[in-house]
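K.L.:
build the 3D model from these lines:
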Amino acid sequence: MSNYSSGFRDMQKPPTWRELLGSIIRDPQERQRIASDLGVRTITLMRWANGESNPRLQTLHQLLGVLPHYRETFLELIHEEFPDFSELQDEESVQSQPALIPAEFYTRVLRTLANIPKVLRFASLGDLILQQALKHLDPHRLGLAIIVARCLSPSHEEKVRSLRESIGRGLPPWENDLEQHAILLGAESLAGNTVISARLIVNQKLNENSSLSPGYHGVWEESAAAAPITLEGKIAGSLLVSSTQPDYFLPSRQTLVQDYADLIALAFSPEDFYEPECIELGVMPPQRVQQPYLTGFRQRLVDTMLQAARNHQPITITQAEQLAWQNIEEKLLQVSFQSEEG
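P.N.:
Next up is the predicted model:
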C-alpha cells in the first residue's frame, strides 16, 4: 500500500476519498496522468478533491482502475459518501453494454479479410478485433487488457509446449500496445488451462490464493477470463482478457469473450490450429524469471538471420522469430524443470 494510505491511517479523523485524491494529485505529473486517463481536465480533479463538484459514479469506477494500488482504500471511502456505489456500477455497466458484437462490425471484419494480403492478415485483423473488444468489454474505461496467446509451433515435430503472447491491447493503467511485454505461458496460466481444457475459464479474484480457479495475479489484474481459439475442433491458442475490477466477468461478459475468441480465429491460418492430442503444455516460469532470456530479442533475430545467410540458407523475419522463440522456450522449460528438481 502507498505512503499516502499509511499516512492517513495515522490520522485521528478518518479521511475521505476526496482528501486521498487531493494528496495524490499534489504531484503535477500524477495529476496530469490521472486527468488524461479519465478524460477530464486537471482543474476538474482539484474541484473533486476540494468538494466543489461531484464526478459521475461511472467516472469514480474509472478512478479505481486508474489508481489500482489505492483501489481498496478508495472503494471503502467512496462507499461512505455514496452507499449505493458498488451496486449502481454493476447495473449501469451491464445495462449499457450491448450483449452481442454489432452486426456492422462483423461486416467490417469480413471486408478486411477479403481485401488484405495473407501476410498482413493476423496483424491487421488482430488489431481491428482487439480494439473493438476493448471498447465493447470496457465502455467506461475501468481498465482492461486483451492478449492473444497463440500456440508456439513445436520444433522437430514435437508437441506444442507453450503459448506465446503475440498481440495485445490495453486501456489504462495498461499501455495500449502490450506486445513489447510478451512472454511465454504454459499449464500454470489461465490461458494455458483454457487451451488444455478447450473451454472458457474465469478467475474472478486473482489476488486470492485460496481461489480454486487457475491463473496468477499479474500487475493490475483483479479478475480475468480466457477463451479458446478454435476451428473444426482444433486449437490455435487463447484469448486472455484481464480487468482491474474483481468479479468483472459476469455471464454476459463471458459470452462476449468467447464471441471475440471465435471471431479472431479468422485472423489465423489453417496450419496454426493443432489437434488437442498434439498439445502438451509445460510449466513456464514467472515473468521476472523469463525477462533475462527475453532481453535483446531483436538482436537475437538479426544474429539468427545473419547466421542462416552465412550458411547459404536465408530465412525470413517470421522464420527467425519462430526459431528465437523456440530457443527461449527450450531454455525456460529447462529452468522450470530444474526448479521442480530443486
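
K.L.:
list the contacts of the residue nearest the centre of the chain.
P.N.:
Centroid-nearest residue in the chain, with CA atoms, centre = their mean: residue 145, separated by 3.2 Å. Residues near residue 145 by CB atoms under 8 Å, 6 or more residues apart in numbering: 168, 169, 170, 171, 174, 178, 220, 221, 241, 242. For glycine as for every other residue, the C-beta is placed from the backbone atoms N, C-alpha and C.

K.L.:
same thing but 10 Å
P.N.:
Going by CB atoms under 10 Å, 6 or more residues apart in numbering, residue 145 touches 130, 134, 138, 168-171, 173-176, 178, 181, 218-221, 224, 240-244.

K.L.:
and the strands in this structure, which stretches?
P.N.:
Along the chain, counting by DSSP state E, strands occupy 144-151, 163-170, 184-185, 201-203, 223-231, 234-243.

K.L.:
show me what the shortest one pairs with in its sheet, parallel or antiparallel.
P.N.:
Strand partners for strand 184-185, identified by DSSP bridges, are recorded as strand 163-170 (antiparallel).

K.L.:
about what we covered before: for residue 315, find the nearest of the strands of the chain.
P.N.:
Residue 315 lies closest, by CB to CB, to one member of the strands of the chain: strand 163-170, at 18.0 Å.

K.L.:
on that earlier part again, how close does the residue nearest to the centre of the chain sit to residue 151?
P.N.:
20 Å (CB to CB, to the nearest Å).

K.L.:
how does this structure divide up, domain by domain?
P.N.:
3-95, 103-278, 287-341 (automatic domain parsing).

K.L.:
need those domains in CSV with mean pLDDT, can you?
P.N.:
Shown next, in CSV, are the domains of the chain (pLDDT from 0 to 100):
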stretch, mean pLDDT
domain 3-95, 77
domain 103-278, 92
domain 287-341, 87
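
K.L.:
one step back: quick check: closest non-adjacent residue to the residue nearest to the centre of the chain.
P.N.:
residue 170 (4.0 Å; CB to CB, 6 or more residues apart in numbering).

K.L.:
the one you found contacts residue 137, doesn't it?
P.N.:
No: using CB atoms under 10 Å, residue 170 is not in contact with residue 137; the gap is 11.7 Å.

K.L.:
find residues that contact each of those two.
P.N.:
Joint contacts of residue 170 and residue 137 (CB under 10 Å, 6+ apart) are 144, 146.

K.L.:
export stretch 67-76 as CSV, just CAs?
P.N.:
The C-alpha trace of stretch 67-76 is given here as CSV (Å, rounded to 0.1, in the frame of the first residue of the first chain):
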residue,chain,number,x,y,z
LEU,A,67,-5.2,4.1,-9.4
PRO,A,68,-5.2,0.3,-8.8
HIS,A,69,-2.8,0.4,-5.9
TYR,A,70,-5.3,2.6,-4.0
ARG,A,71,-8.3,0.6,-5.1
GLU,A,72,-9.4,-0.9,-1.8
THR,A,73,-8.9,2.3,0.1
PHE,A,74,-10.8,4.4,-2.4
LEU,A,75,-13.6,1.8,-2.6
GLU,A,76,-14.2,1.9,1.1
